[in-house]
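# Just need the structure, nothing else, for what follows:
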Amino acid sequence: MPWKVSSVMEERLRFVARLLDGESMSEVCRCFGISRKTGYKIFNRYKQEGPQALCDRARRPIRYANQLPDQIERMIVRLKQEKPHWGARKIRELLVRRLAGDVRIPAKSTVHAVLDRHGLVQRARTRSNKAKGTPLSTGRAPNDLWGVDFKGEFKLGNGRYCYPLTVSDHASRFILACEALSSTKQASAIPVFQRLFQERGLPDAIRSDNGVPFASPNGLYNLSRLSVWWLRLGIAIERIKPGCPQQNGRHERMHLTLKKETTRPARENALQQQARFDDFVSEFNAERPHEALAMKCPGEVYQPSTKRYDGLPDVDYPCHDRDILVTSCGRICMHRKKINISTVLAGQRLGIKEIDDGIWLTSFMHYDLGYIDLEQRTLQTIDNPFGTRLSPMS
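Okay, here's the model as predicted:
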């Protein structure tokens, strides 16, 4: 089969030709500016496969976690069907034997995740409360669902930007908070929710868009520390689809009124702007009738939650082998090996359970995060336990 000769290939051919002429490996490598290890690699490839072996080879990494080739995945499934009592380790060994050569073999944890995705793994236990995605709830009663968002930033009279953080109750339309913050960072948002939880109690769920600090494009399953904190408090997280603000339509409609009545014109500084927000919230909740509420005011419908906020509850894992703490750098240590998890889970305890030889199921609360392969020192994620992808790039 003909192949295209590139400049790199020409260099390799000249390199091999000088070796075939009897020059020493050290001298030729020195002339070409490469190491002896690279030189022997090129020469051995030539001796095994001929001149065509000197062509450029694809260097694009194979991301088995998300892009396992279909042929390999189908083979894994077929092998498991042929050997139903074999685990991931033995299935992987069959792949090694049948695909030995240049084809990269996925890790045991990847094989196990494929089997799990196709329903070919018997779960160690069944939980009725395991997350199965986040279809948007109806929020029929107060505190069933809160909506949260940052109203688009705008410039104050003093030239500084204001980022209004707003929270409202879905059923009653009651505005729970409207805070003039200086940024969208979670360090500013968390104290607002702490005060809100102390005053109003805890909701069943919170719905937001995919932006920070509610989600993190770099966090595990695109979680953020703020959303992890909500989960620890027993609050379900809901995410609207990117580009579908109508899925949080009641909250967005309130934003239109907020913008019209409080930001045109903007006040001179953050204190003055906050006072204007407070006046708006008071009027909206206590004086403004709402057609969807049979002309009642939101304050006449809303009642505080019966779920009290008493700080973070303890988390334990009675059905796992043991629990393990995620370090401040987002790692866990197992058998003197460090495995990266995610910094958004720093300080949290995870449950781990060995479900196959060298493969550990890793869970956060009642959510299964994925499988740890001690040989690869990696966490192989599985289907997102928190619903659709939380990244802004979804």
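
# contacting residues around the top helix by length along the chain?
For the chain, the helix that runs over the most residues, judged by DSSP state H, is helix 270-286. Outside helix 270-286, the residues within contact range by C-beta atoms under 8 Å, 6 or more residues apart in numbering are 156, 160, 162, 164, 174-175, 178-180, 182, 254, 257-258, 261-262, 266-267, 297-299, 302. For the C-beta atoms, the positions are set from N, CA and C on the backbone; glycine is no exception.

# and Gly370, how many residues sit next to it?
A count of nearby residues for Gly370, using other C-beta atoms under 10 Å, gives 24.

# cool, Glu283 as well?
For Glu283, using other C-beta under 10 Å, the count is 12.

# Doesn't Glu179 belong to a strand?
Yes - counting by DSSP: H, G, I helix; E, B strand; the rest coil, Glu179 is part of a strand.

# just checking, it touches Phe150?
No - Glu179 is beyond contact range of Phe150, at 10.0 Å (criterion: C-beta atoms under 8 Å).

# quick one on the thing from earlier: now the longest helix of the chain, how far from the chain's geometric center?
Put simply, helix 270-286 sits 35 Å off its chain's centre (C-alpha atoms, centre = their mean, to the nearest Å).

# Which is the succeeding secondary structure element to that helix?
Later in the chain than helix 270-286, the nearest helix or strand by DSSP states H and E is helix 298-301.

# in stretch 345-355, what counts as buried?
Leu345, Ala346, Gln348, Arg349, Leu350, Gly351, Ile352, Lys353, Ile355 (16 or more other C-beta atoms under 10 Å).

# ok, so of those residues, who is nearest Tyr371?
Ile355 (7.7 Å; C-beta to C-beta).

# So for the closest one, what's the pLDDT?
The per-residue pLDDT reported for Ile355 equals 85.

# Which helix or strand contains it?
Going by DSSP H and E, Ile355 is part of strand 349-356.

# Buried by neighbour count: which residues of the one helix or strand Arg195 maps to qualify?
For Arg195, the element it lies in under DSSP H and E is helix 186-200. Of the residues in helix 186-200, Gln186, Ala189, Val192, Phe193, Leu196, Phe197, Arg200 count as buried by neighbour count, 16+ other C-beta under 10 Å.

# How about the secondary structure of the closest residue to Arg200 other than its chain neighbours?
Leaving aside its sequence neighbours, Arg200 sits nearest to Pro304 (C-beta to C-beta, 6 or more residues apart in numbering; 5.0 Å). Judged by three-state DSSP, the three-state class of Pro304 is coil.

# Please identify the helix or strand for Arg92.
Element membership of Arg92 [criterion: DSSP H and E] is helix 88-98.

# Now do that helix: everything it contacts.
Under C-beta under 8 Å, 6+ apart, the answer for helix 88-98 is 72, 75-76, 79-80, 83, 105-109, 111-112, 115, 356-359.

# again, but for stretch 343-352
For stretch 343-352, the surrounding residues in contact (C-beta under 8 Å, 6+ apart) are 216, 219-220, 223-225, 228, 232, 315, 317, 319-330, 332, 334, 341, 360-364, 369, 372.

# how about 6 Å then?
216, 219, 223-225, 228, 315, 317, 320, 323-326, 328, 330, 360, 362-364 (C-beta atoms under 6 Å, 6 or more residues apart in numbering).

# for the buried residues of helix 186-200, which one is nearest Pro385?
Ranked by distance to Pro385 (C-beta to C-beta), the buried residues of helix 186-200 are led by Gln186 at 21.5 Å.

# Please report phi then psi for the residue nearest to the closest one when sequence neighbours are not counted.
With sequence-adjacent residues excluded and distances taken as C-beta to C-beta, 6+ apart, Gln186 is closest to Pro213, at 3.5 Å. With angles defined as degrees, to the nearest 10, Pro213 sits at phi -90, psi 10.

# How much space separates Pro213 from Leu165?
Using C-beta to C-beta, to the nearest Å, Pro213 is found at 9 Å from Leu165.

# Per-residue pLDDT of Arg336, please?
pLDDT for Arg336: 85.

# From Gly351, how far off is it?
Arg336 is 20 Å from Gly351, by C-beta to C-beta.

# Where do the domain boundaries of the protein fall?
The chain resolves into domains spanning 7-54, 64-117, 145-301, 322-381 when parsed by automatic domain parsing.

# what separates the last one from the chain centre, distance-wise?
Read that as domain 322-381. Distance of domain 322-381 from its chain centroid, counting by C-alpha atoms, centre = their mean, is 15 Å.

# try the third one
Computed by C-alpha atoms, centre = their mean, the separation of domain 145-301 from the middle of its chain amounts to 23 Å.
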